[in-house]
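In: sharing a model that was predicted from the sequence below.
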Amino acid sequence: MDTPKTAEVAHIGKSVMIKGELSGSEDLYIDGQVEGTIELHGNNLTVGPNGQVRANVNAKGVVVQGKLEGNIRASDRTELRKSAIATGDIITQRMAIEEGAYFKGKVDIQRDSAKS
Amino acid sequence: MQTAQRVSRRSSGLAELAKSFASDETLCVLDLGYTSAANIRYLTERGHKIYSEDLLIASTDPDLATVNEEGKPALDSKRFLAENLTYPAAHFDVVLCWNLADYLDESLVKPVVGRLWSVLKPGGVLLAFFHTREAGPDAPCYRYHITGADTLEMQAIEPRRETRRGPTGAVHTAIESNFRLQRVFNNRHVENLFRDFASIKFFLSRDTIREVLVVR
């Protein structure tokens, strides 16, 4: 999920800056700056090592390698890689955090058997 | 962060807390140590909600630098508390404070403990570790990973290879070097520090760390 394949993944390069609402039905790789909201629902978001995202994110899977400031709601999986700086609340089904990642916020794992 | 060797340690304080973690009740837990995947996994697997906030790293924000009434360098505690530990009152059942008080700048310790009192629920529990004098001034600052009901892995925090920007956007340069032990609390100091809390329980151990469980 973290390797951008241009044929399948929309790519926002590191010189690009976007403000507003991003929504789509394909995977998205952000290595630039995005501020607003990101709605991908059944698709995956990867914030690349140069990415700086200030947005609430709703996606199937989220991988953070750069900086993400905002709440994450992932219907499947959230990964914080070692270079990640993530601030905000995370609601997800599964989560992986690499050694060295910085995280400030709440983690709420929502499984079928989770307590309410 | 470079990977440091982990040392396993039995924790009587954690063992006492683990009884709560094993209950069916969903607890709200605040972890004030360095982001630990092990702690997040341990608590979320048991159905609890975990909040992670590294106050030591936050305290290295250069924008906090100020001078106190005596003209000596200090950190701006009002600004620190405006940017950190910003939770509703009586929000948490458990606070994992680890060794924060030993390494936090003097100007922040009492304000932070005051804020922790207010964000803990009445009856909520705080776990803190304090070095004994035998630890010496170069006692490494550890991060703590929960690996079992009464077992922790201690991992020395090592210098970073590069600076990074913190959540406020400020460059944290101070964490290029190790955190230094700021002081050694004796039992009376610890009791004074938590005097607004309802009860305090000390756990002696074979190493140079005392464990304290404090109930609001």
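Out: On my side now, so go ahead.

In: in the sheet, who's paired with the residue positioned nearest the centre of chain A?
Out: The centre of chain A sits closest to A:Val62, judged by CA atoms, centre = their mean, with a distance of 3.7 Å. Assessed by DSSP bridges, A:Val62 has beta-bridge partners A:Leu45, A:Thr78.

In: that one reaches A:Ile72, doesn't it?
Out: Yes. Counting by CB atoms under 8 Å, A:Val62 sits close enough to A:Ile72 to count as a contact (5.2 Å). In this view, the C-beta of every residue, glycine as well, is placed from N, C-alpha and C.

In: can you work out which residues contact both of the two?
Out: Counting by CB atoms under 8 Å, 6 or more residues apart in numbering or on different chains, the contacts common to A:Val62 and A:Ile72 are A:Thr78, A:Thr92.

In: distance of the residue nearest to the centre of chain A from chain B?
Out: According to CB to the nearest CB, to the nearest Å, A:Val62 and chain B sit 15 Å apart.

In: please apply the same query to A:Tyr102.
Out: Distance from A:Tyr102 to chain B, by CB to the nearest CB: 6 Å.

In: skipping adjacent residues, who's closest to that residue in space?
Out: Excluding its sequence neighbours, the residue lying closest to A:Tyr102 (CB to CB, 6 or more residues apart in numbering or on different chains) is A:Ile85, at 4.7 Å.

In: ok, now B:Ala90?
Out: Nearest to B:Ala90 is B:Lys121, by CB to CB, 6+ apart, at 4.6 Å.

In: the one you found touches B:Phe92, doesn't it?
Out: Yes. When contacts are counted by CB under 8 Å, B:Lys121 is listed as touching B:Phe92 (6.5 Å).

In: contact partners for residue 43?
Out: The chain I'm using is chain A. A:Asn43 neighbours (CB under 8 Å, 6+ apart): A:Gly24, A:Ser25, A:Glu26, A:Asp27, A:Leu28, A:Ala59, A:Lys60.

In: my bad, chain B
Out: B:Phe21, B:Leu27, B:Val29, B:Asp31, B:Lys49, B:Ile50, B:Ile146.

In: re earlier: which pLDDT value goes with the residue nearest to B:Ala90?
Out: With respect to pLDDT, B:Lys121 has a value of 97.

In: again with B:Gln182
Out: For B:Gln182, the predicted pLDDT is 89.

In: how about A:Ser113?
Out: With respect to pLDDT, A:Ser113 has a value of 49.

In: if we can go back for a sec, spit out the contact partners of the residue nearest to the centre of chain A.
Out: So A:Val62 contacts A:Asn44, A:Leu45, A:Thr46, A:Val47, A:Ile72, A:Ala74, A:Arg77, A:Thr78, A:Glu79, A:Thr92 (CB under 8 Å, 6+ apart).
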